[in-house]
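In: Please find the sequence and the predicted model below.
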Amino acid sequence: MMIQQQGKKVGLPLMNLVRLNRTPILKQLHLEEKLLRKSSTNWCIINDGTDTPAIVMGISGKPSELLEIGSVLRDQVPVIKRFTGGGTVVVDKGTVFVTLICNKDDVPGVQPYPRSIMSWSGLLYNQVFKGIADFQLRENDYVFGNRKFGGNAQSITKNRWIHHTSFLWDYAEGNMAFLKQPARAPEYRMERGHTEFICRMNEYLPRTDFIEKTTEAVETYFSVKNVNLEATEEPCGAEFVPSTRLLSKQELEEALGPQPEIIGVSV
Amino acid sequence: MMISRRIWQKRPPTSSWIFLRPYTSQIAVPSPSPSLFPVQTPSLIGFLSSYAASSFRSVYKISSLEMPSMVSRCCYSNHALADLPASGIVDVPLAQTGEGIAECELLKWFVKEGDEIEEFQPLCAVQSDKATIEITSRYKGKVAQLLHAPGNIVKVGETLLKLVVGDSAVPTSSSDVLESVKPPGSENSPDSKLNKDTVGGVLATPAVRNLAKLYGINLNDVDGTGKDRRVLKEDVLKYAVQKGAADGPSAASVSADCREQLLGEEETYPQTFAEVKWYPDDKTVPLRGFQRTMVKTMSMAAKIPHFHYVEEINCDALVKLKASFQNNNSDPNIKHTFLPSLIKSLSMAMSKYPFMNSCFNEESLEVILKGSHNIGIAMATQHGLAVPNIKNVQSLSILEITKELSRLQQLAKDNELNPADNSGGTITLSNIGAIGGKFGAPLLNLPEVAIIAMGRIEKVPRLSDDGNVYPSSIMTVNIGADHRVLDGATVAKFCNEWKQLIENPELLLLQMR
């Protein structure tokens, strides 16, 4: 079942690296889910921004609890429910996405459960930000000091796992208004609003530097091979139906709930 | 932790000392092969590993970044096979999926009851905080029972499902298993009783279990007539009837004579059946908030002498007006409806008939003609009936009324109306037609003297002067009025004025300042 491949660096498992630019986040998530479930290779996907703003919720996210639906509907912002757990993010061209899809046996010392995976990824990103900022993995978030700049989520299957992160390179203040204060929040958030809780990566290092350093950090664990998008088609073959989906307008309106019937003359 | 690697066992953690020595070489790194886990510890270790590591970390103040190699070496046990209970039915719990995680949401099942499954086959997917995790089976066997439905929150340690493992699928040849599903009528020996208490291996669906619980029946006492001695609904009902007729508490002691007596006596049989018939329980709902207020206000309103005046209003022009507003609307925040136009024209009509916008002082026998037109709009919310009012409609444009209405609507929906929004109203509009009905006979919203219930705008056929039939949008209104203050003529004339403004909205321009 598991194929141990010889890479450029002896002993390190192979990882295919796909670099994307402004790929729609829905397309990216469909790709990730397909690679997780259908491929047996390790993958790293870096998408430098998404084309248009979108809201991405975790697999069991409830729009009524997480979103200001009225504003979302008014501004016609797409709402996506992804296949991994975790919280809600607003993504746009200022978001840098880094995804790692690994065979569990190719990452020695990392057990296929959330804490272990995040501890490992925390080490990886510690290399990226060493000497640049006060980086740490705090509870489940990537932070500089006590401000979150990256949120992550996982999905763990029988033999593989995915750990994907959205990094806030930059964001529009107005976009945060689409999100409600979540009922479940990490303790270190201390009830701060969105703008007080998060920060921008662009205040710490250039965008290209971040991507290059991340690639270098991944290379300490894997033998990295740059591939293009076509390579993602090869291993998977048969048609795959992803569970990540775009919520319909009707679903959002239903989640908004009935407006008080101003007892309104039917309009 | 992956459930495939562990069964929840209440054993003392004999090897927990390992975790107090973080860098000992005695902890081996798990090999790539999933079946080789060198830590020879009981299965509880998986939980203690992450928990102990967490405690250790906090005591020694080691950051999570320095600990991961330690955490990652906290291991699983593959000793589940050795712990297999004699009956062959295994309770598969939700094992620890990470530090501090006390529960997970069950997302979906990949198997169903009765499925044969292989070792390491995915059973279900759960979500804990950040991760979705596939749970795989540690055993080869058969799914006996799924104990949770997708969407359920399952606590760590709680049984997810029951598996019949290996060849011991409720075999009739095993004496141990037979005793756990011993049919009624068998000897109630101490040994069999002990087995009933200790082995819970009865096959039955959750619905049947609930039914048995409702009747206070122990499923182990019921003779299952389904496949693999599964207890069916009929088995429980039959047992319940038998139990209800028998003197003794145990169905096992019901004799053939008792059964005949039960079935032979027409009078007692229906009665027994009625005793086990399920009646829904009454539910007491204390009234709070808007509902509580409504009790008080409506009780008082009922004491006022009302009369009601009914009229039909042609809304063809109103329909065109609304369409025009919508077509020329450039603000996505605004949604145009009929109501603001109706409200504004109501205010215009009240300017001519100020007694409609008044309140009555019983003690002094005075009518106070209110200067402001604070028009209340009845709103049916999930919290009850709310009647916030739009202040000073006489000074507002239709657009301003639209915005204010939207604001109040949102507050009402969120149950955040403040007292100022709810008080000071001078007349009330109740557009019950949005929900249904031709018109209503509304009760006054005291201390106001008039209330207007509007029915649905319906397209109905009308006859023209030359006898042709044409469609027309008609709304029926019912004005409830305090007959101590208002008489029929005043209300009728007011209504005529209002009707004229609705049917000819261009007349509003005449009075526009």
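Out: On my side now, so go ahead.
In: Show me the shaky parts of the stretch 251-400 of chain B.
Out: Residues of the stretch 251-400 of chain B meeting the criterion pLDDT under 70: B:251-279, B:289-290.
In: Go again with 80.
Out: In the predicted model, the stretch 251-400 of chain B carries pLDDT under 80 at residues B:251-280, B:288-294, B:329-333, B:381-385.
In: which residue does it bring closest to chain A?
Out: Closest contact between the stretch 251-400 of chain B and chain A, by CB to the nearest CB, is at residue B:379 (3.7 Å). For the C-beta atoms, the positions are set from N, CA and C on the backbone; glycine is no exception.
In: Just give me the residue closest to the centre of chain A.
Out: Residue closest to the average C-alpha location in chain A (CA atoms, centre = their mean): residue A:165, at 3.5 Å.
In: Which secondary structure state does that residue sit in?
Out: Secondary structure, DSSP: H, G, I helix; E, B strand; the rest coil: residue A:165 is strand.
In: So for it, what's the pLDDT?
Out: Predicted confidence (pLDDT) for residue A:165: 95.
In: ok, so what distance separates it from residue A:210?
Out: Plainly put, residue A:165 is 12 Å away from residue A:210 if you go by CB to CB, to the nearest Å.
In: before we move on, which element is the residue in chain A positioned nearest to chain B in?
Out: Of all residues in chain A, the one sitting closest to chain B is residue A:119 (3.3 Å; CB to the nearest CB). Using DSSP states H and E, residue A:119 maps to helix A:114-129.
In: tell me the mean pLDDT over the helix or strand just after that helix?
Out: Per DSSP H and E, the first helix or strand lying C-terminal to helix A:114-129 is strand A:135-138. The average of the pLDDT scores along strand A:135-138 is 88.
In: follow-up on the earlier one: which residues are in contact with each of residue A:165 and residue A:210?
Out: Shared contacts of residue A:165 and residue A:210, defined by CB atoms under 8 Å, 6 or more residues apart in numbering or on different chains, are absent.
In: how about the helices in the chain?
Out: This is for chain A. For chain A, the helices defined by DSSP state H cover A:25-38, A:63-66, A:69-75, A:114-129, A:173-176, A:194-197, A:207-219, A:249-256.
In: Can you look at chain B instead?
Out: Using DSSP H, the helices found in chain B span residues B:45-60, B:68-72, B:175-180, B:190-198, B:206-215, B:233-245, B:256-264, B:268-276, B:289-301, B:316-327, B:339-352, B:398-413, B:419-422, B:488-503.
In: Would you check that residue A:93 makes contact with residue A:47?
Out: No: assessed by CB atoms under 8 Å, residue A:93 is found out of contact with residue A:47, at 10.8 Å.
In: now residue A:112, nearest residue through space, not along the chain?
Out: The shortest distance from residue A:112 to any non-neighbouring residue, by CB to CB, 6 or more residues apart in numbering or on different chains, is to residue A:104 (4.5 Å).
In: Take the helices of chain A and lay them out in JSON lines including mean pLDDT.
Out: Shown next, in JSON lines, are the helices of chain A (pLDDT from 0 to 100):
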{"stretch": "helix A:25-38", "mean pLDDT": "94"}
{"stretch": "helix A:63-66", "mean pLDDT": "88"}
{"stretch": "helix A:69-75", "mean pLDDT": "85"}
{"stretch": "helix A:114-129", "mean pLDDT": "92"}
{"stretch": "helix A:173-176", "mean pLDDT": "81"}
{"stretch": "helix A:194-197", "mean pLDDT": "81"}
{"stretch": "helix A:207-219", "mean pLDDT": "93"}
{"stretch": "helix A:249-256", "mean pLDDT": "85"}
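In: Can you say which of those helices is nearest to residue B:408?
Out: Smallest distance to residue B:408 across those (CB to CB): 14.5 Å, for helix A:69-75.
In: buried ones in that closest one?
Out: Along helix A:69-75, these residues count as buried under the neighbour rule (16 or more other CB atoms under 10 Å in any protein chain shown): A:69-70, A:72-73.
In: hmm, back to that, could you give the number of residues near the residue of chain A closest to chain B?
Out: Neighbour count for residue A:119, taken as other CB atoms under 10 Å in any protein chain shown: 22.
In: so how far is residue A:125 from it?
Out: With distances taken as CB to CB, residue A:119 is found 11 Å from residue A:125.
In: before we move on, what about residue B:312?
Out: According to CB to CB, residue B:312 and residue A:125 sit 72 Å apart.
In: Who has more neighbours out of the two?
Out: residue A:125 (23 against 15).
In: returning to that earlier point: who touches both of residue A:119 and residue A:125?
Out: The contact lists of residue A:119 and residue A:125 share residue A:137, where a contact means CB under 8 Å, 6+ apart.
In: In its sheet, which strands sit next to the longest strand that chain B contains, and in what direction?
Out: The single longest strand within chain B, with elements called by DSSP state E, is strand B:469-482. When pairs are called by DSSP bridges, strand B:469-482 turns out to pair with strand B:306-314 (antiparallel), strand B:450-454 (antiparallel), strand B:458-463 (antiparallel).
In: so which of those is the most packed in?
Out: Among the strands paired with strand B:469-482, ranked by average contacts under mean count of other CB atoms under 10 Å in any protein chain shown, first place goes to strand B:450-454 (a mean of 26).
In: CA atoms of that strand as PDB?
Out: What follows is strand B:450-454, C-alpha atoms only, in PDB (Å, rounded to 0.1, in the frame of the first residue of the first chain):
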ATOM      1  CA  ALA B 450     -57.800  52.500  17.000                       C
ATOM      2  CA  ILE B 451     -56.100  49.400  15.500                       C
ATOM      3  CA  ILE B 452     -56.100  48.400  11.900                       C
ATOM      4  CA  ALA B 453     -55.900  44.800  10.700                       C
ATOM      5  CA  MET B 454     -54.900  44.400   7.100                       C
END
